[in-house]
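Student: Fold the following for me, if possible:
(one chain, ligands or ions: 1)
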Amino acid sequence: MPVFYDVEVTSRLMLGTAQYPSPKVLAEAFWRSGAGVATVSVRREAGGERAGTAFWDLVRDLGARVLPNTAGCHSVREAVTTAHMARELFDTPWIKLEVIGHADTLQPDPFGLVEAARILCEDGFQVFPYTTEDVVLADRLLSVGCRVLMPWGAPIGTGLGLVNRYGLRTLRAQFPDVPLVIDAGLGRPSQAAEATEMGFDAVLLNTAVAKAGDPAAMAEGFAKAVEAGRLAYEADPMEPRDMAAPSTPVVGRAFLA
Ligand SMILES: CC(=O)[C@@H](O)[C@H](O)COP(=O)(O)O
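Tutor: Model prediction:
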């Protein structure tokens, strides 16, 4: 299983905790999938109606490691402040760092992301930056102290899957020893299987499970898919070829031409 900042997680599936029809359904999705990490939006939850309620206890009881995130932050200052709140609330150095730079696509702000990551790494945080597939940006994030990267599959909430396969393959090839987690934009288990089959270590998703007709079943589907993809990756898949090649032997045929 993947190791993030010296911690081995129990599953290649990481789930968000927002948008479920009820807390019960959220808990079922975790139990049924065995998701190893639960990410929680500190800013939304701490400021919203669920603040100070049983929601925090529910998250702690999911049996998954908590990865607080800075979702909804659009500036370095906001993200750094939110990370500090998260560390206090959850007593963890882990932080999923989101610094959003574009309202329509929710694309990360690459400049703000590197700056916030630098500040937080210097302050002892273990940062999981939500980034694009850009290799230069990845290099900068690693140089300021990040030891895990979370490239997007597609914009958050779209369910489009792996939009830039070339870019993601390049990122994987350039950083073979860095744990890479596809974060956001997955809509179907087949897309998650494709990600782990390409060699990505894990996937993080929320909308596709929370908004499914049966979230717990969908979560289980994703859990099975990421394992299937990983098995295929480790099994060294065949290379595709243009020309047909018979897969059944020709000796012993009933009729010979
Ligand atoms: C939960 C979380 O951290 C989101 O910001 C994340 O990126 C999930 O994206 P999807 O909802 O597209 O799966």
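
Student: what's residue 178 in contact with, if anything?
Tutor: Shown in contact with residue 178 (CB atoms under 8 Å, 6 or more residues apart in numbering): 138, 142, 147-149. Using the backbone N, CA and C atoms, a C-beta is placed for each residue, glycine as well.

Student: 7 Å - rerun?
Tutor: 142, 149 (CB atoms under 7 Å, 6 or more residues apart in numbering).

Student: Check the gap between residue 246 and the ligand for me.
Tutor: Plainly put, residue 246 is 43 Å away from the ligand if you go by CB to the nearest ligand atom, to the nearest Å.

Student: At the contact with the ligand, which residues of the stretch 151-257 of the chain appear?
Tutor: Residues of the stretch 151-257 of the chain lying close to the ligand by CB under 6 Å from any ligand atom are 156-157, 183-186, 205-208.

Student: Is it possible to mark the buried ones in those?
Tutor: Listed as buried from these are 156, 183-186, 205-208; burial here means 16 or more other CB atoms under 10 Å.

Student: Just those residues: which are in helices?
Tutor: Of the positions in these, 207-208 sit in helices, assigned by DSSP state H.

Student: for the residues of the stretch 151-257 of the chain next to the ligand, which one is nearest residue 118?
Tutor: For these, the minimum distance to residue 118 (CB to CB) is 20.1 Å, reached by residue 183.

Student: coming back round to it: could you export the buried ones among the residues of the stretch 151-257 of the chain next to the ligand as CSV, including distance to residue 101 and pLDDT?
Tutor: What follows is those, written out as CSV (distance: CB to CB, whole Å; pLDDT from 0 to 100):
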residue, distance to residue 101, pLDDT
156, 13, 96
183, 16, 97
184, 14, 96
185, 16, 97
186, 21, 98
205, 21, 98
206, 20, 98
207, 20, 98
208, 24, 98
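
Student: center of the chain, which residue is that?
Tutor: residue 204 (2.4 Å; CA atoms, centre = their mean).

Student: what residues does the stretch 1-150 of the chain put near the ligand?
Tutor: So the stretch 1-150 of the chain meets the ligand at 16, 18, 39, 69, 71, 96 (CB under 6 Å from any ligand atom).

Student: contacting residues for the second one?
Tutor: The neighbourhood of residue 18, defined by CB under 7 Å, 6+ apart, consists of 41, 206, 210.

Student: I'd like the distance between the closest residue in space to residue 3 that isn't next to it in sequence and the ligand.
Tutor: Spatial nearest neighbour of residue 3, excluding adjacent residues (CB to CB, 6 or more residues apart in numbering): residue 179 at 6.8 Å. As for residue 179, its distance to the ligand is 17 Å (criterion: CB to the nearest ligand atom).

Student: What is the neighbour count of residue 179?
Tutor: 18 (other CB atoms under 10 Å).

Student: Wait, it touches residue 2, no?
Tutor: Yes - Residue 179 is in contact with residue 2 according to CB atoms under 7 Å; the separation is 5.3 Å.

Student: ok, back up a step: who does the residue nearest to the centre of the chain form a beta bridge with?
Tutor: residue 14, residue 183 (DSSP bridges).

Student: That one and residue 64, how far apart?
Tutor: Using CB to CB, to the nearest Å, residue 204 is found at 12 Å from residue 64.

Student: Report the closest residue of the chain relative to the ligand.
Tutor: residue 16 (2.7 Å; CB to the nearest ligand atom).

Student: Show me the helices in the stretch 1-150 of the chain, by range?
Tutor: Along the stretch 1-150 of the chain, the stretches classed as helices by DSSP state H, counting those that start in this stretch are 23-33, 42-47, 54-60, 76-90, 110-122, 135-143.

Student: Throw these into CSV and include mean pLDDT, thanks.
Tutor: CSV is the format used below for the helices of the stretch 1-150 of the chain (pLDDT from 0 to 100):
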stretch, mean pLDDT
helix 23-33, 96
helix 42-47, 64
helix 54-60, 81
helix 76-90, 94
helix 110-122, 98
helix 135-143, 98
